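Enquirer: sequence unknown, structure follows:
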């Protein structure tokens, strides 16, 4: 039975996979790879208040919607025995999705948010391409990766900024990547305090990712979610062009970008911007857009990095 459901969110290349592997050492915590729970809850929530609403009302089942949607995490993690779920999905910082947690789980949900300077994120992605023998042109890569409302960087950054501006109730714990790597024990203590979980002694010399992801078949990027057995900050030999550095600084200095301003949660799903599928577009899984740059053609619709069906 799930006792605590905690979101693990934030920016890409910021240590979420590493943190998941560490936390999963605790038998009371289950932390795996990228989760579909947020997307599934949104899709079912939208259907229940959209196309399925009349049918549910007609048979007197309208009051079952909360039970239907709130059952999704338990179904998704049905084979998990741990009482605490760390659900890894960057979209938990978006306001509509926090609304889902508030409506179907708890009035005061908790989300751990990982941060890293955008410049370092770009360098990390470029280095990942280089290590896979791919020659990437910086300007073209960043033109795609830093467009408004695109995954995985800008949309996630907007969510982080929004979370910082709406943390009056202490729903979010912000962790910097450099702190996670340099002062892991202190960061873990802050996580256990934030989640109100009994402390656990982790083995930071023997870190294993028990839930490896299909980085080749799904993300087309070998090594995207690799975790090394010990913690150290990898040296990245990348120098960014000045215009790219300036664009990264501009993004980090800005207010929440326009596309999520005014988002709020309501039982009416039409009040929310969809985070999932459009009728004629397959959204690229988180990280896949920038991972695939230079390898396959990308289409653009609604400012989403996408593969047109």
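Expert: That came through, no problem. Computed from a prediction, not measured in an experiment: that's the story for all the values here.

Enquirer: Could you report the neighbour count for the spatially closest residue to residue 139 that is not a sequence neighbour?
Expert: Excluding its sequence neighbours, the residue lying closest to residue 139 (CB to CB, 6 or more residues apart in numbering) is residue 241, at 6.6 Å. Where C-beta positions appear, they are placed from N, C-alpha and C, glycine not excepted. Residue neighbour count, defined by other CB atoms under 10 Å, stands at 11 for residue 241.

Enquirer: Let me see the ranges of the strands in the stretch 101-250 of the chain.
Expert: Secondary structure of the stretch 101-250 of the chain (DSSP state E, counting those that start in this stretch): strands at 110-115, 172-176.

Enquirer: Those: which one's closest to residue 155?
Expert: Closest to residue 155 of the strands of the stretch 101-250 of the chain is strand 110-115 (CB to CB; 13.9 Å).

Enquirer: Walk me through which strands that closest one pairs with, and which way each runs.
Expert: Paired strands of strand 110-115, with direction, are strand 4-10 (parallel), strand 172-176 (parallel) (DSSP bridges).

Enquirer: these two touch, right, residue 150 and residue 142?
Expert: No. Checked against CB atoms under 8 Å, the pair residue 150 and residue 142 is beyond contact range at 11.2 Å.

Enquirer: ok, those two, which is more surrounded?
Expert: residue 142 (24 against 20).

Enquirer: quick one: contacts for that one?
Expert: Residue 142 makes contact with 122, 244, 247 under the criterion CB atoms under 8 Å, 6 or more residues apart in numbering.

Enquirer: how close does the nearest residue to the second one once chain neighbours are set aside sit to residue 153?
Expert: The shortest distance from residue 244 to any residue other than its chain neighbours is 4.9 Å, reached at residue 142 (CB to CB, 6+ apart). With distances taken as CB to CB, to the nearest Å, residue 142 is found 9 Å from residue 153.

Enquirer: hey, what's in contact with both of those two?
Expert: Here residue 142 and residue 153 have residue 122 as joint contacts, going by CB under 8 Å, 6+ apart.

Enquirer: what about residue 251, how many neighbours?
Expert: 18.

Enquirer: Find the nearest non-adjacent residue to it, please.
Expert: What sits nearest to residue 251 in space, not counting adjacent residues and going by CB to CB, 6+ apart, is residue 118, at 5.6 Å.

Enquirer: got a list of what the one you found touches?
Expert: 11, 146, 153, 157, 248, 251-252.

Enquirer: In space, what's closest to residue 194 - neighbours in sequence excluded?
Expert: In space, and not counting its chain neighbours, residue 194 is closest to residue 173: 4.3 Å by CB to CB, 6+ apart.

Enquirer: Do I have it right that the one you found meets residue 113?
Expert: Yes. Using CB under 8 Å, residue 173 makes contact with residue 113 at a distance of 6.7 Å.

Enquirer: Show me which of these two is the more surrounded one.
Expert: Higher neighbour count among residue 173 and residue 113: residue 113, with 25 against 19, using other CB under 10 Å.

Enquirer: excluding its backbone neighbours, what's nearest that one?
Expert: Among residues not flanking residue 113 along the chain, residue 10 sits closest, at 4.4 Å (CB to CB, 6+ apart).

Enquirer: For burial, what's the neighbour tally of the nearest residue to residue 32 once chain neighbours are set aside?
Expert: Spatial nearest neighbour of residue 32, excluding adjacent residues (CB to CB, 6+ apart): residue 211 at 3.8 Å. Using other CB under 10 Å, residue 211 is surrounded by 16 other residues.

Enquirer: mind listing what residue 211 touches?
Expert: Shown in contact with residue 211 (CB under 8 Å, 6+ apart): 20, 24, 32-33.

Enquirer: Just the pLDDT for it.
Expert: pLDDT for residue 211: 71.

Enquirer: I'd like the distance from the helix or strand hosting residue 85 to the chain centre, please.
Expert: Using DSSP states H and E, residue 85 sits within strand 84-88. Offset of strand 84-88 from its chain centre (CA atoms, centre = their mean, to the nearest Å): 12 Å.

Enquirer: Run the angle between that strand and strand 110-115 for me.
Expert: 40 degrees (axes from the mean of the first three to the mean of the last three CA atoms, to 10 degrees).

Enquirer: list the helices and strands strand 84-88 packs on?
Expert: strand 4-10, helix 16-23, strand 29-34 (3 or more CB pairs under 8 Å, 6 or more residues apart in numbering; DSSP states H and E).
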